[in-house]
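Novice: Need a 3D model of the sequence below.
(one chain, ligands or ions: 2)
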Amino acid sequence: MNAVFHDRHAARRHFRAARNRLSPDARVAADQSLCAAIVDLIKEHEAQSVGVFLPNDGEPNLTAILQQAPQGTRFALPVLHPFSEGHLLFLRYDQQTPMRPNIYGIPEPELSVERVTPLSSMQLLFVPLVAFDAAGNRLGMGGGFYDRTLAAWQRGHLPNLRPIGVAYNEQRADALPHATWDVPLPAILTPDKLWQFPLKNV
Ligand SMILES: Nc1nc2c(c(=O)[nH]1)N(C=O)[C@@H](CNc1ccc(C(=O)N[C@@H](CCC(=O)O)C(=O)O)cc1)CN2
Ligand SMILES: Nc1ncnc2c1ncn2[C@@H]1O[C@H](COP(=O)(O)OP(=O)(O)OP(=O)(O)O)[C@@H](O)[C@H]1O
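Specialist: Ligands and ions are numbered 1, 2, ... in the order given. As a prediction, this is how the structure comes out:
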C-alpha cells in the first residue's frame, strides 16, 4: 500500500508535487517510454485522429509522438470552451498551428472552426491526470473538464473512442476518493505498463 487518500485536495497536492519532483533524467526516460508506447497504440488501433495534451505542471511531455507517429496521423489538443463553461473543445494541432496560452497558462490552438475535431471522429484520447488508483479512478486538476468530456463516452455515445490516461509511476495511489461525476478510465498508460480496468459503464 503506498497511500490511501480520503481528501481530494490533499491527494491533488501530494501527487502534483510528486510529478513535479521527478529528476530531469528520470523524466526524459519516462517520456521516451510513454511516447514509444503511444506510437505503438496508434499503430495497433490504426488511429487516424488522436487527442493529446501539452505538458503542464510536471505532466508527461508527449510532443515526440508528433514526429514518431505514422504519417497522416491527425492530432488534436484540448481548448477551454469559449462559452460553455467547464467544457473542452478539441482542435487539430500540428507544428504550424497558431497557439496562445489559456487562463491557466497552457498553450492551446487559437480558436478556428475548421480545426474543431469532434470526439466522435477520434479513435484514441490520451487524458492527463494528477493521480490514478487501482480501480481506474482518475483525479484531475479540479475543473471537471475531462469528466464532462468523458460523460458521453461513459454513456456509450462514443463507441469508437478509447480514452487512455497517461501518467508517471509516481502518480499511482492505492485508493483515491471519487465522486458520482468522476468517470473511471478503462486504461492508464505508465512508462512500465498499460493498466487496464474493467468497464463500469452506466
Ligand atoms: N495539459 C493539460 N491540459 C489541460 C488539462 C490538464 O489537466 N492538462 N485540463 C484538464 O482538466 C484542462 C485545464 N484544466 C486545468 C485546471 C486547473 C489548472 C490550475 O492550474 N489550477 C490552479 C488554480 C487556477 C485558478 O483557479 O486560478 C491550481 O490548481 O493551482 C490548470 C488546468 C484543459 N487542458
Ligand atoms: N459531468 C459533469 N456535469 C456537471 N458537473 C461536473 C461534471 N463533472 C464534473 N463536474 C463538476 O466539476 C467540478 C470539478 O470536478 P473534479 O474535482 O472531479 O475535477 P477533476 O476530474 O479533478 O478535473 P479535470 O477533469 O478537469 O482534470 C466538480 O465540482 C463537479 O461538480
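Novice: do whichever helix in the chain runs longest and ligand 1 meet?
Specialist: In the chain, assigned by DSSP state H, the helix with the most residues is helix 24-44. No: under the criterion of C-beta under 6 Å from any ligand atom, helix 24-44 makes no contact with ligand 1; the nearest approach is 13.6 Å. For the C-beta atoms, the positions are set from N, CA and C on the backbone; glycine is no exception.
Novice: To which secondary structure element is the spatially most central residue of the chain assigned?
Specialist: Nearest to the mean C-alpha position of the chain, by C-alpha atoms, centre = their mean, lies Val127 at 1.3 Å. Using DSSP states H and E, Val127 falls within strand 124-128.
Novice: so what secondary structure elements neighbour whichever helix or strand comes after that strand?
Specialist: Heading C-terminal from strand 124-128, the first helix or strand you meet, by DSSP H and E, is strand 131-132. In terms of contact count using 3 or more C-beta pairs under 8 Å, 6 or more residues apart in numbering; DSSP states H and E, strand 131-132 is assigned the packing partners helix 8-20, strand 138-139.
Novice: Partner strands of the shortest one, with direction?
Specialist: Within its sheet, and counting by DSSP bridges, strand 138-139 is paired with strand 131-132 (antiparallel).
Novice: before we move on, back to that, dump the strand holding Val127 to CSV, keeping only the CA atoms.
Specialist: Extracted in CSV, the C-alpha atoms of strand 124-128 (Å, rounded to 0.1, in the frame of the first residue of the first chain):
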residue,chain,number,x,y,z
LEU,A,124,-7.8,7.5,-29.1
LEU,A,125,-7.9,10.2,-26.5
PHE,A,126,-4.9,10.5,-24.2
VAL,A,127,-6.0,12.0,-20.9
PRO,A,128,-3.9,14.0,-18.4
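Novice: other SSEs contacting that strand?
Specialist: helix 24-44, strand 49-51, helix 145-154, strand 162-166.
Novice: switch to 10 Å and redo it
Specialist: On a contact count with 3 or more C-beta pairs under 10 Å, 6 or more residues apart in numbering; DSSP states H and E, strand 124-128 meets helix 24-44, strand 49-51, strand 74-80, helix 145-154, strand 162-166, strand 187-190.
Novice: can I get the CA coordinates of the longest helix of the chain in PDB?
Specialist: Presented in PDB, the C-alpha positions along helix 24-44 are these (Å, rounded to 0.1, in the frame of the first residue of the first chain):
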ATOM      1  CA  PRO A  24      15.300  15.600 -15.400                       C
ATOM      2  CA  ASP A  25      16.900  12.300 -16.300                       C
ATOM      3  CA  ALA A  26      14.000  10.200 -15.000                       C
ATOM      4  CA  ARG A  27      11.600  12.400 -16.800                       C
ATOM      5  CA  VAL A  28      13.400  12.100 -20.200                       C
ATOM      6  CA  ALA A  29      13.500   8.300 -19.800                       C
ATOM      7  CA  ALA A  30       9.800   8.100 -18.700                       C
ATOM      8  CA  ASP A  31       8.700  10.400 -21.500                       C
ATOM      9  CA  GLN A  32      10.500   8.200 -24.100                       C
ATOM     10  CA  SER A  33       8.800   5.100 -22.800                       C
ATOM     11  CA  LEU A  34       5.400   6.700 -22.800                       C
ATOM     12  CA  CYS A  35       5.900   8.100 -26.400                       C
ATOM     13  CA  ALA A  36       7.000   4.800 -27.700                       C
ATOM     14  CA  ALA A  37       4.100   3.000 -26.200                       C
ATOM     15  CA  ILE A  38       1.600   5.700 -27.500                       C
ATOM     16  CA  VAL A  39       3.000   5.300 -31.000                       C
ATOM     17  CA  ASP A  40       2.500   1.500 -30.700                       C
ATOM     18  CA  LEU A  41      -1.100   2.100 -29.600                       C
ATOM     19  CA  ILE A  42      -1.700   4.400 -32.500                       C
ATOM     20  CA  LYS A  43      -0.400   1.700 -34.900                       C
ATOM     21  CA  GLU A  44      -2.300  -1.100 -33.200                       C
END
